[in-house]
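Novice: heads up, no residue letters with this:
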Ligand code: PEP
Ligand code: MG
């Protein structure tokens, strides 16, 4: 970088800093910025376009184009050279703009007079916020140095936009992170909570993008990099002693931390006037934009490494988010792009609600949130960008809506809603000790799903009769290493003790799919939900299954024990798994340990094929538990993790219901007890229909026991069945409408 240029660019940044620091309206500041850039670069035009919404860019400030066009001229993403720059996230630099591909003439701006065009995306952490454009009459292509200077300036504008600018209808820019925002997502768990935003992996906010002291910034950057390298080295030493695979991954990570070109680029940015943290962010943004476009899976993976390293650097430099737990507010509402069950469990039950940018109804993180009975919203697009740590947030789990920084009207309506829910809870509590007996006299056993010791107190509180599904993998997911048998057996005996003699159906490990153990080598499968998971892993590598079965037998210590195997697809798998149980029993007998006074070994029916297993299967199993979450995804060929397709198919679709009915009939023919333990069991209308089909045991998250019981007690199942049959005879695709309409007059 030539020295003259370096100091020019520093001078420009210095003046920019003054402009940004002045106590002006946002619009005035933007106007000053374009003036400064135009005069310092000697171009006739400098303009800033920002996104108005995800698809439209708006001219927000200009020096050189017609002033009347500001906040009037708009273009769609991909439209014209500006739209193209935003879409491609790359610089457009041409000496002859009207001849360039995609040029769109905008008469209101008077731009036909300008021949050359250089557009640079304004982006922050890979997200494009707008485009910075310079134009001039003479046909010249901007030099690489000039483009570099524009990129640096764009970085500063990105920070400014992030911190306070907002594209308004001809209005001044207003502070983005101070306004109320309503975010619409989908509901994954009902309930209403009020609290403060607690960002998982908080986004670091850079408040000082420009520096006037490159020397100090450079030494801050070097120190932070040094610290980063040392911490990666320490991680590596730790990993080498434990796990060779993990060490290998870390070696690659370390290579990045030591990459001299990465560091050199950041040093150059600092020399040109950016603060250390802005330089890190600039490189992170550019790398994200470059790599996310790459079709190479390996490169994309590396993007995560680089991202992670940049985040660590930013945390060191700003001191933000160093100790997440300590920064937790009193009523934390967790806000994240997505979160795994292990990470969620680490935060613990203090969390009052969750809002995720991605997520899905069937994921295990969702199941954990449900076990805690806290509202959960998924697919809330933009929440991680809009929310800042500590912001007030209201989570409406019913509607799938989050209100960020709400105004008083919204706030008071929300409090009314919470009061209503409290009254409903009181109603449920009043029937807690009564049976779920319908008006026609059928008694439905309502059980709860669990996965942690912490869930067990809900057994008492919810009125559930037992634990119909204990997901043992959650215990594995929250650890950093494989638990030992003694540890497991102590854990299971604590579960049994906490259940106080009520039946607990322990499901053996269901790993794979969305449940990846942090200490096991991830399996790079194209379709993990249909891949090597659950009992398939258990039978192919029986070490863990054996350990688990022994731990369970030992935990029972002479008391009754119920276990079931997940994802059984054919009779031979059940037989093989059962043979493992027999071996475990033989071993325990030999060792002189007491055997359970009663042992039930069941199978989960989660794949359609099992419904057509030979009669012998139904005779050999002690019970069948329908895992509706998986069964539904395989029945409709619709990924339970994929919101787009998941919602297409209704559980009350007549083909799915008639399939369930067949399973119930086959079980009845062999007198095999059958229950249903997917999430649908906890939805009152679904529960009603399942009971009407003949299911007498439903297992659900504890918070659903009250509402389901409340409804069942007021209903005659023969009437429900008649309504369902009528809908089927009419040719309805789903019985939902018919049953819901009928219910309106019943309750
Ligand atoms: C199911 O598939 O319905 C089930 C209960 O198991 P999981 O949700 O743990 O896969
Ligand atoms: Mg399942």
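Specialist: Thanks, I have it. Keep in mind the model is a prediction, meaning the values are calculated, not measured. Ligands and ions are numbered 1, 2, ... in the order given.
Novice: Is it correct that residue 157 is in contact with residue 33?
Specialist: Yes - contact criterion CB atoms under 8 Å: residue 157 and residue 33 qualify, at 6.6 Å. For every residue, glycine as well, the C-beta is placed using N, CA and C.
Novice: Overlap of the contact sets of the two?
Specialist: Residues touching both residue 157 and residue 33 (CB atoms under 8 Å, 6 or more residues apart in numbering): residue 48.
Novice: Counting neighbours, go ahead and name the busier of those two.
Specialist: Just comparing residue 157 and residue 33: by other CB atoms under 10 Å the higher neighbour count belongs to residue 157, 27 against 23.
Novice: Checking the more buried one next. Helix, strand or coil?
Specialist: helix (DSSP: H, G, I helix; E, B strand; the rest coil).
Novice: Which pLDDT value belongs to it?
Specialist: With respect to pLDDT, residue 157 has a value of 82.
Novice: can you tell me which helix or strand residue 595 belongs to?
Specialist: Counting by DSSP states H and E, there is no helix or strand that carries residue 595.
Novice: Give me the distance between it and residue 500.
Specialist: Separation of residue 595 from residue 500 (CB to CB, to the nearest Å) stands at 22 Å.
Novice: Next: residue 280.
Specialist: Residue 280 is 54 Å from residue 500, by CB to CB.
Novice: which one of those two has more residues nearby?
Specialist: Taking neighbours as other CB under 10 Å, residue 280 and residue 500 compare with residue 280 leading, 29 against 9.
Novice: Now that one: which helix or strand?
Specialist: Short version, using DSSP H and E: residue 280 is in helix 276-292.
Novice: How far off centre is that helix?
Specialist: 23 Å (CA atoms, centre = their mean, to the nearest Å).
Novice: other SSEs contacting it?
Specialist: strand 116-124, helix 144-163, helix 214-242, helix 260-271, helix 297-318 (3 or more CB pairs under 8 Å, 6 or more residues apart in numbering; DSSP states H and E).
Novice: can you do 10 Å?
Specialist: The helices and strands touching helix 276-292, judged by 3 or more CB pairs under 10 Å, 6 or more residues apart in numbering; DSSP states H and E, are strand 116-124, strand 127-136, helix 144-163, helix 214-242, helix 260-271, helix 297-318.
Novice: Quick one: mean pLDDT over the longest one.
Specialist: When pLDDT is averaged over helix 214-242, the result is 83.
Novice: List the buried residues of it.
Specialist: Judged by neighbour count (16 or more other CB atoms under 10 Å), helix 214-242 contains these buried residues: 214, 217, 218, 220, 221, 224, 225, 228, 232, 236, 239.
Novice: With adjacent residues omitted, what lies nearest to the fourth one?
Specialist: What sits nearest to residue 220 in space, not counting adjacent residues and going by CB to CB, 6 or more residues apart in numbering, is residue 276, at 4.6 Å.
Novice: Check the third one too.
Specialist: When the adjacent residues along the chain are set aside, residue 218 lies closest to residue 270, with 5.2 Å between them (CB to CB, 6+ apart).
Novice: give the contact list for that neighbour.
Specialist: Counting by CB atoms under 10 Å, 6 or more residues apart in numbering, residue 270 makes contact with 211, 213-222, 276, 278-280.
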